[in-house]
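Visitor: Okay, sequence plus prediction incoming.
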Amino acid sequence: MAKDIVYFDLETQRTANDAGGWDKKRDMGISLAVTYSTASEEYRIFSEKDVNALVDQLVRADLVVGFNVINFDYEVLAAYTILDLAHTTRTLDLLVEIEKKLGHRLSLDSIASATLGVGKTGDGLDAIRWWREGRLLEIAEYCCFDVKCTKLVHEYGAKHHVLQFVDKFQNRRSVQVDWD
């Protein structure tokens, strides 16, 4: 049976400001989460009421791949589960791995744009605004695209062992990665 890599992202109902600060991620609430499973070859969209099914899929995966999932997505999910997902799932957090190499953080958009020529379609604040306006389809599309970007960046890095990015001085640079 093929290994099940689950790519994952979630969007929140509230900003860090609304929740009382970045140390209160558990109070931000899930608006929608999206996964892509390599075993089923399908995207799944989860609402807040479906969080148990989401956690189940993450725990059962052979590998969860995301961008800033350890310090953000898993922290938001901590409000919904007693599991410590950072320690109960095998996780590859692309942001954490890149930060180890460079000593600073990069955005998914910076990496995807420079490496693949495809940028993100919005940002988390757009998703929160859409949540407030009841525009769930826009959140789902945005979150699915983020999952697809994460998947493509991961696959490119695993195949070529390098990613491109544009630094703060607008210079094109690269970072070596070891994702097998």
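Guide: Looks like it arrived, so ask away.

Visitor: all strands of this protein, in order?
Guide: 5-12, 30-37, 42-47, 63-66, 91-93, 162-166, 172-176 (DSSP state E).

Visitor: Among the ones you listed, which comes closest to C143?
Guide: strand 30-37 (4.2 Å; CB to CB). To be clear about C-beta, it is placed using only N, CA and C from the backbone, and glycine gets the same treatment.

Visitor: Give me the contacts around the closest one.
Guide: Outside strand 30-37, the residues that touch it by CB atoms under 8 Å, 6 or more residues apart in numbering are 4-13, 42-48, 51, 54, 57-58, 61, 73, 76-77, 80, 127-128, 131, 136, 139-140, 143-144, 146-148, 151.

Visitor: Separate out the buried members of the residues you listed.
Guide: Using 16 or more other CB atoms under 10 Å as the burial test, the contacts of strand 30-37 include 5-13, 44-46, 51, 54, 57-58, 61, 73, 76-77, 127-128, 131, 139-140, 143-144, 146-148, 151 as buried.

Visitor: Give me the angle between the top helix by length along the chain and strand 42-47.
Guide: The residue-count maximum for a helix in the chain (DSSP state H) belongs to helix 136-160. Taking axes from the mean of the first three to the mean of the last three CA atoms, to 10 degrees, one finds helix 136-160 and strand 42-47 inclined to each other by 140 degrees.

Visitor: where does this structure have low pLDDT?
Guide: In the predicted model of the chain, residues 1-2, 119-123 satisfy pLDDT under 70.

Visitor: go again using 80 as the cut-off
Guide: For the chain, applying pLDDT under 80 flags the ranges 1-2, 119-125, 180.

Visitor: how much space between the residue nearest to L136 when sequence neighbours are not counted and D50?
Guide: Spatial nearest neighbour of L136, chain neighbours left out: L32 (6.7 Å); criterion: CB to CB, 6 or more residues apart in numbering. Counting by CB to CB, to the nearest Å, the separation of L32 from D50 is 9 Å.

Visitor: of those two, who's got more company?
Guide: L32 (24 against 14; other CB atoms under 10 Å).

Visitor: what are the bridge partners for the more buried one, then?
Guide: Beta-bridge partners recorded for L32 (DSSP bridges): E11, S47.

Visitor: Wait, E99 touches R105, no?
Guide: Yes. Using CB atoms under 8 Å, E99 is in contact with R105, at 5.3 Å.

Visitor: No further queries at this time; thank you.
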